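Undergrad: Just the structure for this:
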Amino acid sequence: MGAGFGEPWRLVLLLAVPLIIYFYRLHQDKKKAAALRFSSLGLIKGANPKAGLRPHLPFILLLVAVALIIIGLADPRIPLKTAREGVNVVLVIDDSGSMAATDYRPTRLEAAKRAAGTLIKSLKPKDNVGIVIFESGATTASYLTPFKDRAMDKLEAIQQKEGRTALGDGLSLGIDMATSIPNKRKVVILLSDGVNNAGVVTPEEAVEFAKEEKIQVYTVGMGSEEPVVLGYDLFGRPQYAELDEDTLKRIAAETGGKYYKSVDEDTLDEIYRNIGENIEREWEDRSIKDWFFAAALAVLLVNLYVVYGRYRIVL
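TA: Model (predicted):
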């Protein structure tokens, strides 16, 4: 995209400039005719349009100011890309009992919080961020807000829970939050280390909700290279952390997002850093209309000096 105008139709107002010049010259001709009628040499000199630009300088400056204002109203733009608007980013974080596993330092939940904080810090000033946590159900940890420091405080306050994994509930609440502030771009980042085994909303229903709202969902699966024992059942059999990668991959694929697999805290940090950098945004050329309004103001101030200043040019 090159240089152009946001409201080009307003440039039609520039057609008034030659019309103003025409009426100005008509006025000057009438002044000259009146001067000849009364035979006043002083009036003739004052009304003579060929006496140089000096007597016409105030009119010229006013005309330049009007032209600058009209161009400013047309919203001129130059190809220096800026974000059109912010992005609503909702972090949906699993804090079920399995997130207490210590294969990530110090725990999976704390590693997830640290990585989420990295992403929040990378967001643009216009972006909004919210946080949803889920275990046997889903709840809001931080409402959607442009104030990243407040979201960081809420993130740090998240505590480990002991419940199961209501992945569908967490995703649907995150999607609902993403729509709470009107922005064209809405992104949900879902992190889980388990299998959906609780809640009232299925992952499939949550995906349909995301597709209806045109929300892109990135999914992050937390796991390890080796099986992680979470505890033992009544018969002494080990209970392992299970990661449902198929469901997370399907959620990302059907909503236009991407699936990431984390195996340790380093890869998790890198994943969140990459997501923050790759969030799609709508861009536009930078508006420079204020430059033209400022130039018009400067010309008007010069005009005041020309007419009324101590060393005024026009007498």
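Undergrad: Can you verify residue 129 is assigned to a strand?
TA: Yes: under DSSP: H, G, I helix; E, B strand; the rest coil, residue 129 falls within a strand.
Undergrad: gap between it and residue 178?
TA: 10 Å (Cβ to Cβ, to the nearest Å). Just so you know, the C-beta spots here come from the backbone N, C-alpha and C atoms, and that holds for glycine as well.
Undergrad: anything in contact with each of the two?
TA: Jointly contacting residue 129 and residue 178 under the rule Cβ atoms under 8 Å, 6 or more residues apart in numbering are 89, 90, 144.
Undergrad: for the residues you listed, which one is nearest residue 288?
TA: Lowest distance from residue 288 to the shared contacts of residue 129 and residue 178 (Cβ to Cβ) belongs to residue 89, with 29.5 Å.
Undergrad: shouldn't residue 167 be in contact with residue 132?
TA: No: using Cβ atoms under 8 Å, residue 167 is not in contact with residue 132, being 11.4 Å away.
Undergrad: So for the two, which sits in the more crowded spot?
TA: Neighbours were counted for residue 167 and for residue 132 using other Cβ atoms under 10 Å; residue 167 has more, 30 against 26.
Undergrad: if you skip the residues just before and after it, what's nearest to the more buried one?
TA: Leaving out its chain neighbours, the residue that sits closest to residue 167 by Cβ to Cβ, 6 or more residues apart in numbering is residue 196, at 4.0 Å.
Undergrad: List the contacts of that neighbour.
TA: Contacts of residue 196 by Cβ under 8 Å, 6+ apart are 165, 166, 167, 168, 202, 203, 244, 247.
Undergrad: can you give me the strands in the stretch 151-300 of the chain?
TA: Ranges of strands in the stretch 151-300 of the chain, per DSSP state E, counting those that start in this stretch, are 185-192, 216-222, 229-232, 238-240, 259-262, 283-287.
Undergrad: I'd like the average pLDDT over the fourth one.
TA: Per-residue pLDDT over strand 238-240 has a mean of 65.
Undergrad: Quick check: residue 275 vs residue 87, distance?
TA: In terms of Cβ to Cβ, residue 275 sits 12 Å off from residue 87.
Undergrad: what number of residues lie near residue 71?
TA: A count of nearby residues for residue 71, using other Cβ under 10 Å, gives 22.
Undergrad: Repeat that for the one 5 residues further on.
TA: Other residues near residue 76 number 21, with proximity taken as other Cβ under 10 Å.
Undergrad: so what's it scoring on pLDDT?
TA: 89.
Undergrad: in the sheet, who's paired with it?
TA: Per DSSP bridges, the residues bridged to residue 76 are residue 5.
Undergrad: what's near enough to touch it?
TA: Applying Cβ under 8 Å, 6+ apart, we find residue 76 in contact with 3, 4, 5, 6, 287, 288, 289, 292.
Undergrad: Which of the residues you listed sits closest to residue 122?
TA: Nearest to residue 122, judged by Cβ to Cβ, of the contacts of residue 76 is residue 287 at 25.5 Å.
Undergrad: now the closest one: how far from residue 86?
TA: As judged by Cβ to Cβ, residue 287 and residue 86 stand 17 Å apart.
Undergrad: Quick check: residue 279 touching residue 89?
TA: Yes: using Cβ under 8 Å, residue 279 is in contact with residue 89, at 6.9 Å.
Undergrad: residues shared between the contacts of those two?
TA: residue 187.
Undergrad: The two - which one has more neighbours?
TA: A direct count of neighbours by other Cβ under 10 Å for residue 279 and residue 89 places residue 89 higher, at 27 against 19.
Undergrad: would you say that one is within a strand?
TA: Yes: if the criterion is three-state DSSP, then residue 89 is within a strand.
Undergrad: and it, bridged to which residues?
TA: Assigned bridge partners for residue 89, using DSSP bridges, are residue 129, residue 187.
Undergrad: And it, what's its pLDDT?
TA: Reading off the model, residue 89 has pLDDT 96.
Undergrad: buried set for stretch 160-173?
TA: For stretch 160-173, a neighbour-count test (16 or more other Cβ atoms under 10 Å) marks 161, 164, 165, 166, 167, 168, 169, 170, 171, 172, 173 as buried.
Undergrad: Only alpha carbons, please: show it as CSV.
TA: What follows is stretch 160-173, C-alpha atoms only, in CSV (Å, rounded to 0.1, in the frame of the first residue of the first chain):
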residue,chain,number,x,y,z
GLN,A,160,-3.2,-24.6,42.1
LYS,A,161,-6.5,-26.5,42.2
GLU,A,162,-7.1,-30.2,42.7
GLY,A,163,-10.0,-30.7,40.2
ARG,A,164,-10.3,-32.6,36.9
THR,A,165,-10.1,-31.1,33.4
ALA,A,166,-13.1,-29.3,32.0
LEU,A,167,-11.4,-28.3,28.8
GLY,A,168,-14.6,-27.5,26.9
ASP,A,169,-15.9,-25.2,29.7
GLY,A,170,-12.6,-23.3,29.8
LEU,A,171,-12.5,-22.8,26.0
SER,A,172,-16.1,-21.7,25.8
LEU,A,173,-15.6,-19.2,28.6
